[in-house]
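Q: sequence first, predicted model second:
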Amino acid sequence: MLVLISLILSGFWFLTNFPRLGLIKVILSYLVLSYLCSIHLTFVGVAVVDGVEAVYCDSSNKILESRQDWVKKVFDNDSQLLEWYKHECFNIQPSAFRARIVSLKQQFNQSEGFYILQTRSGCEWEESTGEKFGFLKYGYNGEDFIELDLNTLSWASLKPEADTTKQSWDADRNRTKLNKVFLTDICPERLKSFLEFGNSSLQRTVPPSVSLLQKSSSSPVSCHATGFYPDRAVMFWRKDGEKVHEGVEIGDILPNDDGTFQMSVNLNVSSFTPEEWSRFDCVFQLSDVEKIIVTKLNKTLIRTNWKEKMTKETSGRSRLREGRGHLLRPVGLREGRQEKDMLWKRDRDE
């Protein structure tokens, strides 16, 4: 099993270009937004394990919280690890990011304003072979900037403007060696401590609830899956058993508040004849799970706001015609709209 821990200090620029993505079984990511506006630095981070929020860091308000029970067990078992995270969150990283942003502002002769420095770093660990891989990459103001090559122990510019920074950072050999030690030695140990207590939770699979949704009669039909875990899943439309690409829009996998995920895949049905509908179905499959969930394209199964609205309006008119023993009486006016906008309340015999 290949597991990955990635320390990501990032704002709008994270979750892209993970190394060896196709082999990843478990991901631990620290996502941190750090920006400098005038003299005020904001440094907020979230540790995400396989897409599940694990630890929350807010250096400005001195907050470090465990978001999962198994993370609390990790910290209860290793108080020094908890102190390490606090020290990184409250002291080391905010100070380092402030200094680097100020340096970059001076390098580019930038005035006061809003500046973002992001970094993504971490390690992969192949449990069966013991192989370890590290990576470290910076972004500045939302663009790739510079990254560390652990094979040559040198920095690589990702844009011409980073050449000056590369020269300066290459000269700091001690810092580069410390980065290598963290990425290839310390980082995998951090990962193992989380897996020791969280592996059973991280390796679980939860199937989704799948629904067909449509905003209006002319809108695409959306096949929506929610509540699944982990976030490694595929979803697509088929016609006569063959995968369809034309007229299909696949959405991103997004997190739910409970640690599960959701995704949608839309199908343009505007040109379909009634006979064609029965030839389509939606397929969902979790990674490493053989079973697939198939949902037939059926008009009677589609949930849509416009149908519900029509049903409510029709039902409302019927009740007014029939009366059913209820009276509607005005109880007040909406403030500022006294012409026609009245609130109504139903009187009932009690």
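A: Done, it's in. Since we're looking at a predicted model, the values are computed, not measured.
Q: just the helices in the stretch 1-150 of the chain please.
A: With helices called from DSSP state H, counting those that start in this stretch, the stretch 1-150 of the chain shows them at 69-77, 79-87, 93-107.
Q: for the protein, give me the ranges with low pLDDT.
A: Scanning the chain for pLDDT under 70 picks out 1-32, 50-51, 305-350.
Q: can you list the domain ranges for it.
A: 2-202, 209-304 (automatic domain parsing).
Q: how about the helices of the stretch 1-150 of the chain in a markdown table, adding distance to Thr184 and mean neighbour count?
A: C-beta here means a position set from N, CA and C on the backbone, and glycine is covered the same way. Listed next are the helices of the stretch 1-150 of the chain as a markdown table, based on distance: least, Cβ to Cβ, whole Å; neighbours: other Cβ atoms under 10 Å:
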| stretch | distance to Thr184 | mean neighbour count |
| --- | --- | --- |
| helix 69-77 | 21 | 16 |
| helix 79-87 | 18 | 13 |
| helix 93-107 | 20 | 16 |
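Q: nearest to Ser217 among these would be which one?
A: Ser217 lies closest, by Cβ to Cβ, to one member of the helices of the stretch 1-150 of the chain: helix 69-77, at 46.3 Å.
Q: tell me what angle that closest one forms with helix 79-87.
A: Going by axes from the mean of the first three to the mean of the last three Cα atoms, to 10 degrees, helix 69-77 is angled at 110 degrees with respect to helix 79-87.
Q: in stretch 251-259, what counts as buried?
A: Within stretch 251-259, the residues that count as buried by 16 or more other Cβ atoms under 10 Å are 253, 259.
Q: start and end of that stretch, how far apart?
A: Distance between the two ends of stretch 251-259: 18 Å, counting by Cα to Cα, to the nearest Å.
Q: same check on stretch 290-299?
A: Note: stretch 290-299 ends 28 Å apart using Cα to Cα.
Q: ok now it, how far from the chain's centre?
A: Here stretch 290-299 shows a centroid-to-chain-centroid distance of 25 Å under the convention Cα atoms, centre = their mean, to the nearest Å.
Q: next: stretch 195-205.
A: So, by Cα atoms, centre = their mean, the centroid of stretch 195-205 is 19 Å from its chain's centroid.
Q: same question for stretch 256-268.
A: Distance of stretch 256-268 from its chain centroid, counting by Cα atoms, centre = their mean, is 11 Å.
Q: residues in contact with it: which ones?
A: For stretch 256-268, contacts defined as Cβ atoms under 8 Å, 6 or more residues apart in numbering pick out 51-53, 68, 206, 208, 213, 220-231, 233, 235-237, 244, 247-255, 280, 282, 297.
Q: Asn256 and Ser209, how far apart?
A: 11 Å (Cβ to Cβ, to the nearest Å).
Q: same question, Gly113
A: Gly113 is 46 Å from Ser209, where distance means Cβ to Cβ.
Q: Cys89 and Asn61 touch, don't they?
A: No - the criterion here is Cβ atoms under 8 Å, and Cys89 misses it with Asn61 at 10.9 Å.
Q: for the two, indicate the residue with more neighbours.
A: Cys89 (24 against 7; other Cβ atoms under 10 Å).
Q: name the helix or strand for the residue nearest to Gln107 when sequence neighbours are not counted, please.
A: Leaving aside its chain neighbours, Gln107 sits nearest to Thr164 (5.8 Å; criterion: Cβ to Cβ, 6 or more residues apart in numbering). Assigned by DSSP states H and E, Thr164 falls within helix 163-171.
Q: report the buried residues of that helix.
A: 165-166, 169.
Q: out of those residues, which is nearest to Leu301?
A: Using Cβ to Cβ, the buried residues of helix 163-171 come closest to Leu301 at Thr165, 55.8 Å.
Q: so how far is Asp172 from the closest one?
A: Taking Cβ to Cβ, one finds Thr165 at 11 Å from Asp172.
Q: and Phe43, by the same measure?
A: The value you get for Phe43 to Asp172, if Cβ to Cβ is used, is 22 Å.
Q: pretty sure Lys62 contacts Phe90?
A: Yes - contact status for Lys62 versus Phe90: in contact at 6.1 Å, counting by Cβ under 8 Å.
Q: rewinding a little: from the chain's centre, how far out does the helix holding Thr164 sit?
A: Counting by Cα atoms, centre = their mean, helix 163-171 is centred 33 Å from the centre of its parent chain.
Q: surely Leu183 is in contact with Trp125?
A: No - counting by Cβ under 8 Å, Leu183 does not reach Trp125; the two are 11.1 Å apart.
Q: show me what counts as buried in stretch 46-66.
A: Buried residues in stretch 46-66 (16+ other Cβ under 10 Å): 46-55, 57-59, 64, 66.
Q: before we move on, what about stretch 264-275?
A: By 16+ other Cβ under 10 Å, the buried positions in stretch 264-275 come out as 264-267, 269.
Q: tell me which of those fall in helices.
A: Among those, no member falls in helices (criterion: DSSP state H).
Q: okay, those residues in JSON lines with distance to Asn141 next?
A: Formatted as JSON lines, those follow (distance: Cβ to Cβ, whole Å):
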{"residue": "Ser264", "distance to Asn141": "31"}
{"residue": "Val265", "distance to Asn141": "33"}
{"residue": "Asn266", "distance to Asn141": "33"}
{"residue": "Leu267", "distance to Asn141": "38"}
{"residue": "Val269", "distance to Asn141": "42"}
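Q: great, nothing more from me.
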